[in-house]
Every structure is written in structure tokens, then in C-alpha cells.
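J.: Okay, sequence plus prediction incoming.
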Amino acid sequence: MSQTTLSDEDLFGEAAAEMREDVESHLEQARAELPSAAAVWETEADNVLGVLNGLRSALDVGDAEEQLRQAKKWYTMGERADAFEDADDLSEAIEELEAVVASIREAEENVGDLTNAIPELRGTLQDLEADEDE
């Protein structure tokens, strides 16, 4: 039985390739967790509050943030170790996903604010209408 000996350079190259694969895999998983365009656009609600509640649910990013965090962790480790020959594509993909997740989170927060405000506004308007009827 012959034993193959790998040099440190070979091992480093193999580890760098695995690290890149890990980053790409986590980025792919993060993208898969994001809501679909149809989910945030289409609705089947009977009223505004139903639309807002449906939209808030549709804006759930699931585990996308955790997958993005893992991608950034392995990317950072690879960059500091100077393991990647060309990682501009990884850096751009991470930045793009960070921006998308931040936009979704901001939209989710805005929808949450509206979801809380609309019933209160409706109640106030109903009170005004009742006062006018008296």
C-alpha cells in the first residue's frame, strides 16, 4: 500500500478550495431562505390589516441572516489567511445579500409599524363618525 504525501502547499490549497465551497454554500442557502418576489407582491386578504399581516409574514428571512453570518465568517477567515486567489465575487455576493436582508428587515419593520397603526387609526375614525352621527 503506497501512501501519498501532500505538501503543506497542497493541503493549504485544498483547505482554501473547501473554504470557498463553504462560503458559496452558505450564500446559496441564505438566498434560498429569502422570500420570493411573488410572496411579497401577491395577496389574498379581505382587508388592509390582512394584507399587512400577510406581508409581514412574507417578509420573514428565515435563516438567511445566520447563513449569511456563516458565509462572512468563512470568507473573513479565508481572506485573513490569504487563502483565496480571487475572492471579489464572494465579497460582492456577501455585500449584495447583506443589502437585500437589510432592505427586507427595514420593510418588515415598516409593515409592523403600519400593522400597529392601522387598527388604531380605524378606531379613531370610527369614533369620529359616531360623533358626527349623534
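T.: Yep, that arrived.
J.: pLDDT below threshold where in this protein?
T.: Judged by pLDDT under 70, the chain has its weakly predicted residues at 1-5.
J.: now do 90
T.: Applying pLDDT under 90 to the chain flags residues 1-15, 43, 81, 83-86, 130-134.
J.: Which residue ranges of the protein form helices?
T.: Here the chain has its helices, by DSSP state H, at 8-33, 37-41, 48-58, 64-80, 88-133.
J.: What is the last one packed up against?
T.: Judged by 3 or more Cβ pairs under 8 Å, 6 or more residues apart in numbering; DSSP states H and E, helix 88-133 is in contact with helix 8-33, helix 48-58, helix 64-80. C-beta coordinates here come from the backbone N, C-alpha and C atoms, glycine included.
J.: picking up where we left off before, same list (the helices of the chain) but as CSV, adding mean neighbour count.
T.: Formatted as CSV, those follow (neighbours: other Cβ atoms under 10 Å):
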stretch, mean neighbour count
helix 8-33, 15
helix 37-41, 12
helix 48-58, 17
helix 64-80, 18
helix 88-133, 13
